[in-house]
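# Turn this into a model:
(one chain, ligands or ions: 1)
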Amino acid sequence: MSEQQAKTKQAAGGKMWSGRFREPLDAAFEQWQRSFPFDVRLLAQEVAASKAHAQMIAAAGILTDAELERMIDGLDQVGDIRPEFAPIEPGMVNPRLLGAELGTTPRSIRRWLSKQPEFCEIHVKHTRIALAKDDPLLLRMKNHFAIQANLNLDGEGTYEEFPATTEADLAASMAHAEDIHHFVELQLTRVIGPLALKLHTGRSRNEQIATDMRLFVREAIDATVKGLRRWALALIELAEQAGDAVMPSYTHLQRAEPVLVAHWLLAYVSMIERDASRLADARQRMNLCPLGSGAVAGATLALDRTIAARALGFAGPTPNSMDATSDRDFLLEFTQALATLGVHISRFAEELTLYATAEFGFLDLPEAFSTGSSAMPQKKNPDFTELMRGKSARLVGAATTLAVLLKGLPLAYNKDLQEGQEPVFDAADTVRGILGILPAFTRSLKFNFERMKSAATTGYLNAMAAATYLSNKGVAFRRAHEIVGNAVRLGLESGRELDAIPLAKLQELSPEFGEDFHAAIPLEATLDCHDVIGGTARTRVRAALAQARQRLSSDALA
Ligand code: ARG
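Below is the predicted model of the structure:
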């Protein structure tokens, strides 16, 4: 490198693109345009995608087998650098931490694991190792390394020339890594040396970020669908416990007709199933791999793109490089599906907030999910339902941000796309947070069935059943409606429900009222006359509940 070139490199701050630049970046701009502070959470995805790319270029002859192996090992180590960047799910073990605990290297742990007969794909997820704390494999591993340590026979080589990253190195690279792609390259260089610089052969950050985000969304969809299933099962449990308990249904928030409490709860199960199917549908559409699309026109190497697609669990490679590098429909669809879910969660939250008021008195809020007032000692506030209602605003906001972000973009990649990440992270986190609590909250709901029943059996909620009685007698429904309306007015004037009005009085309104009228309007009959698919007749609800339980217990939503 000439002195001039070195100066230039210095000026551009060791960027991935510094070659053609003479002037340094404005310092404030440099800081402001970095995505590393938020895309650092894509570390696991970036490492996985980089491993897949390495396999692809190795197959194209760019890396020897030995180089590929070093590259993969190095990438695994980079993935372990900061456990908090790639949060470990419960039951997952971080090889780096485990290595420290057992006095060995993450690499030796992986080696040992991969040689065990029980070891299979479910044990690895990106750079993580999935082993429950009581997994016999883990116990055996601990024994193995304890013995190795005693005998001091652990002969696995480490990369001596490039010692493991120190915290100080890490902090330094954190400070100037432009984005997660830059960061991984910097770290990999520390771990395996100049070989790392070959990794970028035939690829572009444009395809990388498109791939990382697809991996992120795919996982977020799976987690959301699991959470939805848990919530739906909690609602079903509640509905089963409610048995034949009744409540008023409302239209215009005015009491309409009695329904089974189970019927009302199953309405939310229907919404949840639509949400899950929307997410599954989006997942299937987005499950294609952009790697090999290059910056815009396709990789400059003859890569077998199916290698990377297969390695990352995609159904295949994306069909068009311009679309693949600039497409963020999957972010739009994901956030839109979450926004719709947010609307459902918010409606549920609103109903519970309302039903928990003294005015309704249908349920007692679980104390574990409520707070008091610092000013008014008598209060129990529905914070959880209110916050759920409020959080739905962020979900709708994320979907709106994505739609507005994308609408004016010319093909193909534009840096604007970087702005699409944070709302997606925020929406995914928001939903994860809610669904982490909602099933337990739902299970702990205690209804006041007496109050619900009394609200469902007063206020002429059987008027429609009464009109149906007359129409079954041959009175045109319009006329029957009018007659029962008159009967209701009669009842209101004399302070009586329909079943308490003497038959003679009713017969003055219509001769069609007969002795059998009172049998047609009690609560059970009022429910059971809705004997259609999707209706609130008791047998129909029982069947619907059993079907819902079966659907949710099968793999469809799992
Ligand atoms: N941080 C960038 C993003 O999120 C990565 C892609 C950068 N590509 C580029 N040509 N500058 O979009």
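
# hey, which helix is longest across this protein?
helix 205-242 (DSSP state H).

# quick one: that one near the ligand?
Yes - counting by C-beta under 6 Å from any ligand atom, the ligand has neighbours in helix 205-242: 205-206, 209. Glycine gets a C-beta too; all of them are placed from N, C-alpha and C.

# and the protein, which residues reach the ligand?
35, 39, 179, 205-206, 209, 413, 415, 417-418.

# what mean pLDDT does the longest helix of the chain have?
Helix 205-242 shows an average pLDDT of 97 in the prediction.

# Where does the prediction get shaky in the stretch 1-150 of the chain?
The model of the stretch 1-150 of the chain has pLDDT under 70 over residues 1-14, 81-95, 120-130, 132-134, 146-150.

# For the longest helix of the chain, list every residue counted as buried.
By neighbour count on 16 or more other C-beta atoms under 10 Å, the buried set for helix 205-242 is 205-221, 223-225, 227-236, 238-239, 242.

# Spell out the residue ranges of the strands in the stretch 1-150 of the chain.
For the stretch 1-150 of the chain, the strands defined by DSSP state E, counting those that start in this stretch occupy 92-93, 124-125, 128-130.

# Just the buried ones among the residues of the chain next to the ligand, please.
35, 39, 179, 205-206, 209, 413, 417-418.

# Could you verify that Ser249 is part of a strand?
Yes - the assignment for Ser249 (DSSP: H, G, I helix; E, B strand; the rest coil) places it in a strand.

# Phi, psi for the closest residue to it other than its chain neighbours please.
Distances taken as C-beta to C-beta, 6 or more residues apart in numbering put Val259 closest to Ser249, at 4.3 Å, once the chain neighbours are dropped. Phi and psi for Val259, reported as degrees, to the nearest 10, are phi -140, psi 160.

# Look up the residues forming beta bridges with Val259.
Note on Val259: beta-bridge partners by DSSP bridges are Met247.

# Quick one, grab the pLDDT at Thr158.
32.

# Can you name the residue of the stretch 401-550 of the chain nearest the ligand?
Nearest residue of the stretch 401-550 of the chain to the ligand: Gln418, at 3.6 Å (C-beta to the nearest ligand atom).

# List the residues that contact that residue.
Neighbour list for Gln418: 35, 39, 209 [criterion: C-beta atoms under 8 Å, 6 or more residues apart in numbering].

# run the last query once more with 6 Å
For Gln418, the contacting residues are Ser35, by C-beta atoms under 6 Å, 6 or more residues apart in numbering.

# now do the one 4 residues further on
Glu422 makes contact with Phe38, according to C-beta under 6 Å, 6+ apart.

# secondary structure element for it?
Per DSSP states H and E: Glu422 is located in helix 421-443.

# which parts of that helix are buried?
Using 16+ other C-beta under 10 Å as the burial criterion, the residues of helix 421-443 that qualify are 421, 423-428, 430-431, 434-435, 438-439, 441-443.

# what do you get for stretch 256-269?
257-266, 268-269.

# Surely Ala256 is in a helix?
No - under three-state DSSP, Ala256 sits outside any helix and is assigned strand.

# rewinding a little: including pLDDT, could the buried residues of stretch 256-269 go into CSV?
Shown next, in CSV, are the buried residues of stretch 256-269 (pLDDT from 0 to 100):
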residue, pLDDT
Glu257, 94
Pro258, 96
Val259, 98
Leu260, 98
Val261, 98
Ala262, 98
His263, 98
Trp264, 98
Leu265, 98
Leu266, 98
Tyr268, 98
Val269, 98
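
# closest to Ala455 among the residues you listed?
Checking the buried residues of stretch 256-269 against Ala455 with C-beta to C-beta, the nearest one is Pro258 at 9.0 Å.

# quick one, what contacts the nearest residue to that closest one once chain neighbours are set aside?
Using C-beta to C-beta, 6+ apart and skipping residues adjacent in sequence, the residue nearest Pro258 is Ala456, 4.0 Å away. Neighbouring residues of Ala456 by C-beta under 6 Å, 6+ apart: 246-248, 258.

# Highest neighbour count among those residues?
The residue in the contacts of Ala456 with the most neighbours, by other C-beta atoms under 10 Å, is Val246 (27 neighbours).

# give the contact list for that one.
Counting by C-beta under 6 Å, 6+ apart, Val246 touches 258, 260, 453, 456.

# repeat that for 7 Å
By C-beta atoms under 7 Å, 6 or more residues apart in numbering, the residues touching Val246 are 258-261, 452-453, 456, 523, 527.

# quick one: contacts for the spatially closest residue to Pro317 that is not a sequence neighbour?
Nearest residue to Pro317 in three dimensions, chain neighbours excluded: Arg305, at 3.8 Å (C-beta to C-beta, 6+ apart). Contact partners of Arg305, counting by C-beta under 7 Å, 6+ apart, are 289, 291-292, 317.
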